[in-house]
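S.K.: coordinates for the following, if possible.
(chains A and B)
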Amino acid sequence: MIVCVAVIGQQNNPLFLQSFTQEDDDLKLHHIVHCSLDVIDERVNNPKRSGIAVNEAFLGLLYPTESYKVYGYLTNTKVKFILITADPEVRDADARNFFRKFHVAYVDAVSNPFHVPGKKITSTSFSRKLRSIVDNLGSITTV
Amino acid sequence: MEPDVSMETCRIIRIAVLPTGGEIPADILRHYISMLSQFNTVDLSSISSFYVEHQKSPFAHQPWDSGSLLFKFVIGGESASAWEDFQSNRKILAVVGICHCPSCPDLGEVANDFAKECTDYKSSLVHRCFAFSPSDAQLEAGGNKENDLVLFPPSDRRSQELHMQTMLQDLAASLLMEFEKYVLRAESVGTILKTPLDSQAGFGSEEMIKAKKKRLGRAQKTIGDYCLLAASPLDANAHYTTGIELARLTGDVFWHAGALEGSACALLIDREDNRDPVIEEEVKYRYYNVIQLYRRSSVSDSAQRASTVRFELEAALKLARYLCRHELAKEVVELLMGAADCAKSLIDANDRLILFIEVARLFGTLGYQRKAAFFSRQVAQLYLQQDNTCASISAMKVLSMTAKAYHIESKGSSYKSSACSNESGSSHAEGGKLHPSSIVSLYESQWSTLQMVVLREILLSSVRAGDPLAAWSAAARLLRSYYPLITPVGQSGLASSLSNSAERLPSGIRCADSALPFIRLHSFPVHPSQADIIKRNPNNEGWWMGSAPSGPFIYTPFSKGSPNDSTKHEITWIVGEPIDVLVELANPCGFDLIVDSIYLSVQSGNFDPFPVSVNLPPNSAKVISLSGVPTKVGPVIIPGCTVHCFGVITEHLFKEVDNILHGAAQGLVLSDPFRCCGSGKLKTVSVPNISVVPPLPLLVSHVVGGDGAAVLYEGEIHNIRISIGNAGSVPVEQAHISLSGKNQDSVLSIADEALMSALPLKPGAQVTLPVTLKAWKLSLVDVDPNSGKNAFTSSARMSKDGSSPLLVFHYAGPSTYIASTEISGSSSSIPPGRRLIVPLHVCVQQGLRFVKARLLSMDIPARISENLPAPNKILEGSSNKEIPTTPTHQTDNSLMKIDPYKGSWGLRLLELELSNPTDVAFEVNVYVHLDKPKKPCNTVDTDEDLCCSRTRIDRDYSSRVLIPLEHFKLPVIDDSFFSKDHKVAGDDGSSILKQSKAELTASINNLISKIKVRWQSGRNSSGELNIKDAFQSALQSSVMDILLPDPLTFGFRLKSRVEEESSSKARLTKGAVFAHEMTGMEALIRNNTREMITMTLSITCRDIAGDNCIEGKKSTVLWSGVLSGVAIEVPPLQEITHSFSLYFLVPGEYTLLGAAVIDNATDILRARAHTISPDEPIFCRGSPFGVQVLGTA
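M.R.: Alright, predicted model coming up:
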């Protein structure tokens, strides 16, 4: 089950954060997303050591926490997508697939002429789209 | 759990350090302990001299040349751990007492006390008591006592340290010997080693056998531990290997893990090069096994999970610390996250605390600041759960360490690092630009959810910890950065926590973090006296030239310089003259903000600011003026304001607010504090380069009799007295007055000598300067002549639009040189000059209005008589300058001059039509200025001017004034009239025509300037009509006729009667002509030119009907002499007479007319006669002379 997705801007500023749980754990999720930036920062700064291919945007598992796993995705413009999932085992292909859709949705959202780059994304259609992507993935993984 | 665990932990010898023998002052104790704790490593090689054991050492492979013992000093000691059998390094193996001799006179007592204390440490093998600063008596007494007391005689620190080192080496040697003893005993006798895990286990027969085997394994493990402590890794390894084997056989998982852990440590100690990848792999492998084993041991005994998990976690932390490098970050993260996840299974809150601290530290070492911050926060929360001040202080400290990762750190801490780099220079240079790092911090500041939580926790912990300044700072940061996310109630709560904190702070304390209000620079209002500072060039006397705006435009593109340097403007302030700076304050919060005092903070220290206090209502912004006085010469740097608000003094930098505003514009910052207060958007104002110059003189002016505008009628002449005083502290030594602005020519005179003669104008001195003004003419556009009623209102409006002329004073103090050190880089070292602009406020009303001017001519024929004309005196070739004394009998008649020859024929009069639209009466006088003041005039006015009678024009009436122009007629016609000002005239006669225009204009102007129309209204106002243009247009066409006389003038007179006629009759008929009588007449022809004129003269006589009555059929006049075709030559400026006689047949009115055709006319004559072709004959005609012929009856 996907718990939360987030978009983090170039300057590590949060652009979007949506949680898919009923619980009131926003703060916790914020913390998890914030902490995940450490790992992303490191991978961004030392791409060689972490051994990811140059063109690979998917960063894989960033780190596991007590109950969640955090996956990351880095676009060419250094916008980060972060996925927090409660599933103990997520196939990389699924995560990659999810991020790709996520990326498309993001591109659609920021292509809105009324969107100011660097500002938080407030578009409700982006949020709706994300929810549908999340639901899709959820159905795949549970099936 | 233990803090600070690492691979090395296994080999560190714990020594309890106990202060004994009475109170030791804290700083002295600290000093002793610091001395002690620097010797935490003792080389084996250095202790060999103290090593006195003669039996065979169990440590066969001890590396005496390279090994070393490690000490850990446990200050104050600790209670014995239940696990010390399991890990021998947990034991307190030695006790060191510290005694400050001056506070305990009896050393014996101290020794007893110390021995008593040592009994608490059953595991301890060696005891020493270090007694510092003993007295001489104590030294003597202590020297021969046999106990553990070591006296440190007072000496310098260095020798004491040496002493201490020696004592510790001795201690190390003793420990080593004790270890050997222990090992030997353990090998031979065996010991019972227990952990809390075993306590409940019953001992059945089977278990007994198993326990025996286990005991052996455990003993081997413990011996290995001691080997490690004795720095003999090879021996340790051997014992561990045996121990591992035995433990595996007996299924003693827990001890197996412990032995494996020890073996890994031994491996590392053995191989100093512990970064060898093979070793690293081995260590990693062993440690994963260790962790696995610990986990298994706890799984097998789940009831004890809580107690064994700490060993698992310690092992994980040890491994993580060992691996803690960037390359292995992933592994470390997994280890740490795994460890952190286990935190829940730890029962002891202290263990959890230690775990989180260690995890946070390791993440920090790894460079994962955010994770470190996260765990630090967990630590802080654990601390906060403990309800005591110390824990709160710890929580506060830990939280303030996390602040950096969350970008909410207090400026006080962050400045220390960056203060040196961009202190003054950058604040000045890059006012508009953002520092890159500040942009990043703007972005990071968007994690407001987290930041607010952390700040709240900092606030809470610092309140609990009783640190009001930290609480204030946290509340200030919270309020300033996140006010839009806080409810008004919360804002007020923060405000009250600010004030509560401030109550517990000493007054006048400063805090690096500013709270409210937000302050931005609004503008630098430039006082005129500041703006009008002009650089003086020492080489140029007229430094004021070109400094004043010369043109009609306020802005000239040339004066501004290139656009490149337009961003920075310069402001000059003067020592001792107060200045103002406008700043805008905003209070975006929902409570009343009372700023106790706010003033400009000036780094350069040459400025004396005046504090003000402000009250800002909720959600409001206010522009206030902050003032101060520059005190010293030099540049002034104003980075911001100092604010005393909520009981604390803070520094508010303009740059930061600019950053916030910039961020708000980009949507990076939550909100623009100024806009949400309803204040408009403002361009970022950069602090200009401000320099302070030494005191300058300061002139102030006022108009004597009030500064209000003088209401004047058009053309009115008015005297203004301007009083100028020096309000500065330096005398004025140079001054210059000039005019600027509109209507400059309305200033007739400035008595600047009054000012010049008063120089140098001492401070406080005053000078009065009279200025004569003539009100200018209102432009016709503004005054609609048709609307008489509106005329006044429109003219009143006119006066306001700055059409008054400006009087510009440039002045300067003494031009002494300033010491060049004061002003660095300034090109001129002379104090600048200043400018004072005094507007001459004049409100011009429409006055007497000129309607039109017309040139009129008037003909009054002369009468023939005997005594005309009187002989002309000038005939002897005088220059034209000498005006002939016109016939005296007519000069009485002021301006009316009637030429005796011409009569009043062709008399020219200028008629001025004037109307008076005002509501007062005007009296108009016409003055004609004469060139020659020789002749006495009986006019009322000056000698030079002739005055016509006054004309009074009442309100709303029109009137006409006649000005006779006869006076201006020149007596002689010659070249000089044309060539008066132009040298080109002369030889070539034809050029005269070409010169016409300019000369005409010049002569007209000359003429006009002689005529002045003055008016007077009431008692005070008098003026002059400016009607030159009207004159000019009226005179343009006929100026020649006015100015130049005819070339020839004709006159007639009666010949004197014969003497024999009776005198009575002659008297009676004097000047009369009778019919039927031969009347002798003379025609006088005068040549007004300077050339001989040859001409053909003819004389005609006309009757009243205008018919020629000499010729023709019905001629009624007979004549004798020649009347027509008389060829005459008239010499220049002479007159000749031509005699003839007429016989009138019929009495009545006749008219005599002289006419002549000039032969060989010169060009001047042609020009005068307006001839077109040179062949045209020039016909000259005289004015008619009337003859009254009386009947003889």
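
S.K.: neighbours of B:Asp235, how many?
M.R.: Residues lying near B:Asp235 (other Cβ atoms under 10 Å in any protein chain shown) number 23. (Glycine included, C-beta is placed from N, CA and C.)

S.K.: pull the contacting residues for it.
M.R.: B:Pro58, B:Phe59, B:Ala60, B:His61, B:Gln62, B:Gly224, B:Cys227 (Cβ atoms under 8 Å, 6 or more residues apart in numbering or on different chains).

S.K.: can I assume the second one sits in a strand?
M.R.: No: secondary structure assignment (DSSP: H, G, I helix; E, B strand; the rest coil) places B:Phe59 in coil, not in a strand.

S.K.: count the neighbours of it for me.
M.R.: When neighbours are defined as other Cβ under 10 Å, B:Phe59 has 21 of them.

S.K.: tell me which helix or strand the most centrally placed residue in chain A sits in.
M.R.: For chain A, A:Ile82 is the residue whose C-alpha lies nearest the centre (Cα atoms, centre = their mean; 2.1 Å). Per DSSP states H and E: A:Ile82 is located in strand A:80-85.

S.K.: partners of that strand, with directions?
M.R.: Strand A:80-85 pairs in its sheet with strand A:2-8 (antiparallel), strand A:69-74 (antiparallel), by DSSP bridges.

S.K.: could you identify which of the ones you listed is most buried?
M.R.: Stretch with highest mean neighbour count among the strands paired with strand A:80-85: strand A:2-8 (a mean of 25; mean count of other Cβ atoms under 10 Å in any protein chain shown).

S.K.: tilt between the following helix or strand past that one and strand A:2-8?
M.R.: Where DSSP H and E defines the elements, the next helix or strand beyond strand A:2-8 is strand A:14-19. For strand A:14-19 against strand A:2-8, the angle by axes from the mean of the first three to the mean of the last three Cα atoms, to 10 degrees is 170 degrees.

S.K.: pLDDT below threshold where in chain A?
M.R.: Within chain A, the segments meeting pLDDT under 70 span A:46-55, A:138-143.

S.K.: what does it put close to chain B?
M.R.: Applying Cβ under 8 Å from any Cβ of the partner chain, we find that chain A lies next to chain B at A:9, A:11-14, A:26-27, A:30-31, A:34-35, A:37-39, A:42, A:46, A:49-50, A:63-66, A:116, A:118-120.

S.K.: list only buried entries from those.
M.R.: A:9, A:12-14, A:30-31, A:34-35, A:37-39, A:42, A:50, A:63, A:65, A:118, A:120 (16 or more other Cβ atoms under 10 Å in any protein chain shown).

S.K.: out of the residues you listed, which sit inside helices?
M.R.: Among those, DSSP state H puts A:His30, A:His31, A:His34, A:Cys35, A:Leu37, A:Asp38, A:Val39, A:Glu42, A:Ser50 in helices.

S.K.: the third one touches B:Leu450, doesn't it?
M.R.: Looking back up the chat, that one is A:His34. Yes: between A:His34 and B:Leu450 there is a contact at 5.9 Å, judged by Cβ atoms under 8 Å.

S.K.: please, where are all the helices along the stretch 151-300 of chain B?
M.R.: Under the criterion DSSP state H, counting those that start in this stretch, helices of the stretch 151-300 of chain B are mapped to B:157-188, B:205-229, B:233-250, B:253-270, B:277-300.

S.K.: would you map the strands across the stretch 701-850 of chain B?
M.R.: In the stretch 701-850 of chain B, the strands defined using DSSP state E, counting those that start in this stretch lie at B:710-713, B:716-726, B:734-741, B:747-750, B:766-774, B:805-812, B:833-839, B:842-845, B:849-858.

S.K.: for B:Phe375, find the nearest of these.
M.R.: B:Phe375 sits nearest to strand B:833-839 of all those, at 66.3 Å, using Cβ to Cβ.

S.K.: quick one: that closest one to strand B:805-812, angle?
M.R.: With the same axes, to 10 degrees defining the directions, strand B:833-839 sits at 160 degrees from strand B:805-812.
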